[in-house]
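> Mind looking at a prediction? Sequence and model below.
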Protein chains: 2
Amino acid sequence: MNLQQFRMWHTLSLTLALVSIVLLCPGVNCSKILVVPLDGSHWLNMEIILRRLHSRGHEITVLRSLKSWYIPENSTIYTSINVRMLEDEEDLEVYNRLLLDVIECRKKSHFVRSFCQQYLITKLFSKGHGMLADSAALLLDDPVFMQKMHDAKFDLMLTDPAFPVGVILGRFLKLPVVFNVRWINNGESHFTMAPSPASYVPVSGTELSDQMDFADRVKNVLFYIYSQIEQHFYISPAYSDVFKRHFPPGTDLLSLELSADIWLVRADFVFEFPRPTMPNVVYIGGFQSQEPAPLSGDLKTFVESSGDHGIIVMSLGTFVSALPRETTEAIAAAFAELPQKVIWRFIGEPPASLGNNTLLVKWLPQKDLLGHPKTRAFVAHGGTNGMYEAIYHAVPVIGLPLLFDQFDNVHRLKARGAARVVEAYSLTKENFLEAVKDVVENLSYRENVQRLSRLHRDTPVTPMDTGIFWIEYAIRNKGAAHLQPAGYSLPWYSYFCLDVAAFLSAILVTVVWFSVFCCRIICCRRSKTKLKGE
Amino acid sequence: MNLQQFRMWHTLSLTLALVSIVLLCPGVNCSKILVVPLDGSHWLNMEIILRRLHSRGHEITVLRSLKSWYIPENSTIYTSINVRMLEDEEDLEVYNRLLLDVIECRKKSHFVRSFCQQYLITKLFSKGHGMLADSAALLLDDPVFMQKMHDAKFDLMLTDPAFPVGVILGRFLKLPVVFNVRWINNGESHFTMAPSPASYVPVSGTELSDQMDFADRVKNVLFYIYSQIEQHFYISPAYSDVFKRHFPPGTDLLSLELSADIWLVRADFVFEFPRPTMPNVVYIGGFQSQEPAPLSGDLKTFVESSGDHGIIVMSLGTFVSALPRETTEAIAAAFAELPQKVIWRFIGEPPASLGNNTLLVKWLPQKDLLGHPKTRAFVAHGGTNGMYEAIYHAVPVIGLPLLFDQFDNVHRLKARGAARVVEAYSLTKENFLEAVKDVVENLSYRENVQRLSRLHRDTPVTPMDTGIFWIEYAIRNKGAAHLQPAGYSLPWYSYFCLDVAAFLSAILVTVVWFSVFCCRIICCRRSKTKLKGE
C-alpha cells in the first residue's frame, strides 16, 4: 500500500466510523439506556420521558411483553426487545371483576371499606408477584438473553418499580438504576424509602389526610401494620427463589429497591401532603403536562357553541367502559339538565338518557380540552395523570374514583377545596347533578385549583427538565452512591436503636439495683449497730 | 387651571411618581425584605445573598446591633436600623477563653471529649439565650420601633435562626419567614425539622459519620438525649417570659422556628451524610463559592515563583490569631521544610521559626488562591464556608479544627478521603509536616476532592440561584404554608403514636384477658361436668 492508498483508506475508514457514530448516536449526550416499563397508564408516563431522552440523543432499548397492552413493538424512539413477561391474557378481565368487588366494599363504613379494598388488592397482587418473580427468573435463567444484555453495555436502567423485573435485572447487570415511580410493592414509594410517621402521613388506601383525629390515627396505624404484614408475608416470599439463585445471600426485593440511585417520584407537594423525604428523591409530579394545542374540526365547533356556560369534560382513562349501566344512565340524565355542553369519553352502547348537550367521543385530546378557556369542570376517575393535568390547567374536578389510588387522589384534591367526590356505588342523577352544579357555580373550587396551579407551575426548573437532568446525572456520575442513606443497610433493631435502648436500659436497671442493694446493706448495718447500741 | 396647565401638571406628577418608583424600587421584583442576620462569619454568608437580592431590585432593611463586629452600618445594598441587641463587649474574649477550655477537652478520650465540649457550649449558650431573649423583649416592648416595623409593610423576614430574634420578630409581624440556616438552638437545623434516626444520622458535635458501630450508636443516642435536655431545660425556659407576654399561649421558640416557610440550608450532600429531609428545605450549600479572579501584585509574583511544587494556603478564618504560640512555631517550622511556597493568613508576632518559603499576610483572597491551579492544599480550621470553597475549587484539606462544628466538618471531609485532621492540642512540627506532605503527595486526596467537586457542581440550578428563587417564591406566594408538615403541630405522644399504641395495647390485653377468662370458665365447667359425671 503506497502513501496515497493509505491516506485514502484512512480517510474512508475514519468517515465510516464517524458516520456510524452519528447514525447510532446522534447527540452529544448519547448513552445507552435500558428501560423496563410497567404496562397500562404507567407506560403513558414513561413514554413521554423516553421521547425527550431520545430527542437528546440517547439510545433507548425497551423490554416489553409479547402480549403488551399499551407498549408498541415498533417505535421511532426506541428499539424493543420482546420477552416472556406477564402473559396472562385475563388481566383486563381481572380488573373488571375487581372493580365490581370494590364497589361492594365501598358500601361498608369508612373504617372497614379501606381494609376490605386492600384485602382484595393483596389477593390479586400476591398472585401477580408470583408471576412477576417467574418473569424475572425466566430472564435471568436465559443465558442467550443475558449475554445480549451484558454485551449491550448499557449505561443505565430506567424502570418503574411497580414492575419489579426492572430493578432485579438492573442490579443483576450492576447498572445505575433510576426509578420513574409512584408505587412500589405494597404502597406509595415514600413508605419504602423515607421515615413515615403514621401520626400525620396517611398510608395509601386509607383516604385520610394529614389532619387526623384519634380514630383516624388508629386506622392509619392499623393500615401501616397491615402493609408491613403484606410486604413480609405475601410479597417478599414470592421472590425468594430468584434471589436465592442469582443474588448474594440476604438480598431481597426491598434491599434491591432501596439501592436505586435516583427516585423520580411522580408527586408534587401541591397535591401530596407534606412529609419527610430523602436526598435521592426528585419530584417530577405533573411532568407530563403541556400547554394546550388549539382544538380543530367538530370538537372546536362543539366547544365554541357552548357560549358563556362553557363545557364539562368527562374521562375515566383506562376505565373508560367500567361503569355499570345504571350509573352511566344517571350521569347522562344529569348532564342533560346542565346549561353547559359536555364532552364525554365513552365506549359502548350510548345511554338512553343522553341529552343534546352531550357529545360522546371514543378518544379526546384531554390536555387541549382541559387547557381550553371554556372548560368549567373535569369529571374524572382520579388517576394521577388526570389529577396533575387538572391542577396544571386549573380545572376543578368532580371525582368518580373506581380503583387503587383513585380514592386517595380525589380525596387530596377535595381536601384542598378543588374537588367534589361522588361514589359510583351511590351515584344518582340527583346527587351527581348537585355535585357538578356546585363545582361549576361555586367559585371557591376554581379559585382553589387556580392557587394550586400557580404554586405547581412556580418552579425554577420544569418537572420534566428536572427528571431528565437527574437521569443524565446518574449516567454521568455512574449512579449516585453518595446520596444513599446508610440507614437502608441496617437491621431493623439497629435502625430503631432498639439494641442501644436495651443496653442503656440494662445499665440503668443495674445501677438502680446496685444502688438499692447498697442502700439496703447500709440500712441493715445501721439498724444492726442501732440494735447493738440498744 | 386650564387644560394646558392640567396636562403639564399631570405629566410632571406622573414623571415624579415614576422617578420615585425607579429610585426606591429599581427592579421588577422589588419587595421589601427585613433581614435579621447573625454576626460573625454567618454575616459573610448573608451579605452575599443580600447583594444578589439588591441587584434584583429588592429593598433591604437590616437590623444590626450598635456594637456589631462585622455588619457595617452604612451600605449601598441595604438600609440599616441600629437596635440594642447583644451589647456584651466581652464576646470575642469569651470565645478565646472557650477555645482554651476546648483544647483541654480534646485531650480526653473520643467518647468523653464530645460531651465535655458540648457542656462548655451549653454553659456559654444558656447565658447567651438569656441575652437573646432580652434583646427580643427590648424590641417587642418598644412601641415606637414596632410601629415603624408595622408601617414599613415588609414582604418577608430573612433571618439566620441561630440568632432567634429574627424569627420572633418575623412571626410577631406575621411575615413570611425564610431561614438562611445551618444551626438552630441546640444543634444542626435538620434535628429540629426532620426525622433524624440516631442509628445513622450523627448528632452534631459527636464527630461520628453515618457508618456507626454499636459503641458509636450508644454515644450518638446519649448525645441526642443530651441535646433534648439542653433544648427543654436550658434554651426554652430562657424565652418563656417574652412568649408569655407577646404570643398566644403554647408558643415556644421551637414552634416558631418550625413555622418558618422555607429553610435555605447551607448544606450539600457531597459534604453532609445523606439523611431524611423535608419538602420546605432547600439546599444551598456552597452558594457563596465563585470562580477565582486572577491574582495580582506581590501575591501573584509569590505564587508564580513556586514552580511545579505549587503553593499551600493556610487560613483559620475568624480564629486567625487563636492558636497558642508553641503551635504556631511548630507549624512555621514544618512549613519551612516543605518544597512548596506557603501563604498564611496571620495576625500577631511572626513565628521565630518562619521559613523563607512562607508569606504571612493579614488578609488573603481565599477564593482566588483556592481556585489557582498551583494550589496543592488548604490548611483550614474547618469553618463551613472554607470547607465548601475547598470542595468547589477541588483543593484537599489539612483540618486544624478549633471550636463548634469545625470538628464535625473536617471529619466529614476526612470520611470522604479528602482531608487529614491534625488536632491543635497534640500538634507537633513532625506530625503536622507528615500530614501536609501526605495530603500534597498522595494523589488520592486530590482525586477524592475532585470527585466531590464534580458532584457538587453538577446541579440544574446553582445553589445561589436556588436560594434566590425560593426567597422570591416566599414573597410571591406570601409564604409556603402548603409545604408545612402537619406533624409539627402534634404533641409528642401523638406524633410518635404513643396514644394509639396504648389504645391498641389495651384492646389486645383486654381481648387476651377475656379469652383466657372464657377458656377458664369453659375448662372449669368441663371439669365440673367431668366430676359430676364421675
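The structure has been received and is ready for your questions. Numbers count the residues shown, from 1 in each chain, chains lettered A, B, ... in the order given.
> tell me, how many neighbours does the closest residue to A:Ser240 other than its chain neighbours end up with?
Nearest residue to A:Ser240 in three dimensions, chain neighbours excluded: A:Asp252, at 7.5 Å (Cβ to Cβ, 6 or more residues apart in numbering or on different chains). For glycine as for every other residue, the C-beta is placed from the backbone atoms N, C-alpha and C. The local packing of A:Asp252 (other Cβ atoms under 10 Å in any protein chain shown) involves 17 other residues.
> Could you pull out the buried residues of the helix or strand A:Leu100 falls within?
Element membership of A:Leu100 [criterion: DSSP states H and E] is helix A:91-106. For helix A:91-106, burial by neighbour count (16 or more other Cβ atoms under 10 Å in any protein chain shown) applies to A:Tyr95, A:Leu98, A:Leu99, A:Val102, A:Ile103, A:Cys105, A:Arg106.
> and which of those residues is nearest chain B?
A:Cys105 (23.3 Å; Cβ to the nearest Cβ).
> Hmm, A:Gln118 and that closest one touching each other?
No: counting by Cβ atoms under 8 Å, A:Cys105 stays clear of A:Gln118, with 9.2 Å between them.
> ok, back up a step: need the residues that contact the helix holding A:Leu100.
Outside helix A:91-106, the residues that touch it by Cβ atoms under 8 Å, 6 or more residues apart in numbering or on different chains are A:69, A:88, A:113, A:116-117, A:120-121, A:124, A:319, A:322, A:324, A:402-403, A:423-426.
> Same list, those residues, but only the ones touching chain B.
By Cβ under 8 Å from any Cβ of the partner chain, no member of the contacts of helix A:91-106 lies near chain B.
> pLDDT below threshold where in chain A?
Counting by pLDDT under 70, chain A contains low-confidence ranges at A:1-29, A:86-92, A:531-534.
> Report the residue ranges of every domain in it.
What automatic domain parsing lists as the domains of chain A is A:25-287+A:463-488, A:297-457.
> Next, format the ones you listed as CSV and append distance to B:Asn45.
Putting these into CSV (distance: least, Cβ to Cβ, whole Å) gives the following:
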stretch, distance to B:Asn45
domain A:25-287+A:463-488, 22
domain A:297-457, 28
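> Grab the nearest non-local neighbour of A:Leu63.
A:Val36 (4.9 Å).
> same check, this time on A:Thr462
Excluding the flanking residues, the one nearest A:Thr462 by Cβ to Cβ, 6+ apart is A:Phe287, at 7.3 Å.
> thought that neighbour was touching A:Ile49?
Yes: counting by Cβ under 8 Å, A:Phe287 does reach A:Ile49; the two are 7.4 Å apart.
> shared neighbours of these two, anything?
When contacts are counted by Cβ under 8 Å, 6+ apart, A:Phe287 and A:Ile49 are jointly contacted by A:Met464, A:Gly467.
> what about the strands in the stretch 301-450 of chain A?
Ranges of strands in the stretch 301-450 of chain A, per DSSP state E, counting those that start in this stretch, are A:311-315, A:341-345, A:358-361, A:375-380, A:397-399, A:419-421.
> Now do the first one against strand A:341-345, angle only.
If I follow you right, that is strand A:311-315. 10 degrees (axes from the mean of the first three to the mean of the last three Cα atoms, to 10 degrees).
> List the neighbouring strands of strand A:311-315 plus their orientation.
Paired with strand A:311-315 in the same sheet, following DSSP bridges, are strand A:341-345 (parallel), strand A:375-380 (parallel).
> from the ones you listed, which stretch is densest packed?
Greatest average neighbour count among the strands paired with strand A:311-315 goes to strand A:375-380 (a mean of 26), per mean count of other Cβ atoms under 10 Å in any protein chain shown.
> thinking again about what came up before, contact partners for the residue nearest to A:Thr462?
Counting by Cβ under 8 Å, 6+ apart, A:Phe287 has contacts A:Asn45, A:Ile48, A:Ile49, A:Arg266, A:Thr462, A:Pro463, A:Met464, A:Thr466, A:Gly467.
> quick one on the thing from earlier: so can I have TSV of the strands of the stretch 301-450 of chain A showing distance to B:Thr375?
Listed next are the strands of the stretch 301-450 of chain A as TSV, based on distance: least, Cβ to Cβ, whole Å:
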stretch	distance to B:Thr375
strand A:311-315	61
strand A:341-345	64
strand A:358-361	67
strand A:375-380	59
strand A:397-399	58
strand A:419-421	59
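> ok, now how distant is A:Asn185 from A:Val421?
Applying Cβ to Cβ, to the nearest Å, the value for A:Asn185 to A:Val421 is 27 Å.
> Excluding sequence neighbours, find me the nearest residue to the spatially most central residue of chain A.
Nearest to the geometric centre of chain A sits A:Arg182, at 2.0 Å (Cα atoms, centre = their mean). In space, and not counting its chain neighbours, A:Arg182 is closest to A:Arg266: 4.5 Å by Cβ to Cβ, 6+ apart.
> The one you found and A:Met387 touch, don't they?
No: counting by Cβ under 8 Å, no contact exists between A:Arg266 and A:Met387, whose distance comes to 10.6 Å.
> which one's the longest helix in chain A?
helix A:498-533 (DSSP state H).
> Pull out the buried positions in that one.
Buried-residue list, helix A:498-533, by 16+ other Cβ under 10 Å: A:Val500, A:Phe503.
> picking up where we left off before, how would you label the residue nearest to A:Thr462: helix, strand or coil?
Classification of A:Phe287 by DSSP: H, G, I helix; E, B strand; the rest coil places it in coil.
> Could you do A:Ser68 as well?
coil.
> That one and A:Tyr78: what is the separation?
Computed as Cβ to Cβ, the A:Ser68 to A:Tyr78 distance reads 13 Å.
> More neighbours: those two, which one.
Set A:Ser68 next to A:Tyr78 and count neighbours by other Cβ under 10 Å: A:Tyr78 wins out with 22 against 19.
> returning to what we had before: looking at the strands of the stretch 301-450 of chain A, which is nearest to A:Glu291?
strand A:375-380 (14.1 Å; Cβ to Cβ).
> Distance from the chain centre to that closest one, please.
In terms of Cα atoms, centre = their mean, to the nearest Å, the centre of strand A:375-380 is set 23 Å apart from its chain centre.
> for stretch A:353-366, same thing?
Per Cα atoms, centre = their mean, the displacement of stretch A:353-366 from the mean C-alpha position of its chain is 29 Å.
> Can you report phi and psi for whichever residue of the stretch 201-350 of chain A sits closest to chain B?
Across the stretch 201-350 of chain A, the shortest distance to chain B (Cβ to the nearest Cβ) belongs to A:Asp210, at 3.9 Å. Dihedral angles of A:Asp210 (phi, psi; degrees, to the nearest 10) stand at phi -80, psi 0.
> Give me the neighbour count for it.
Counted with other Cβ under 10 Å, residues neighbouring A:Asp210 total 18.
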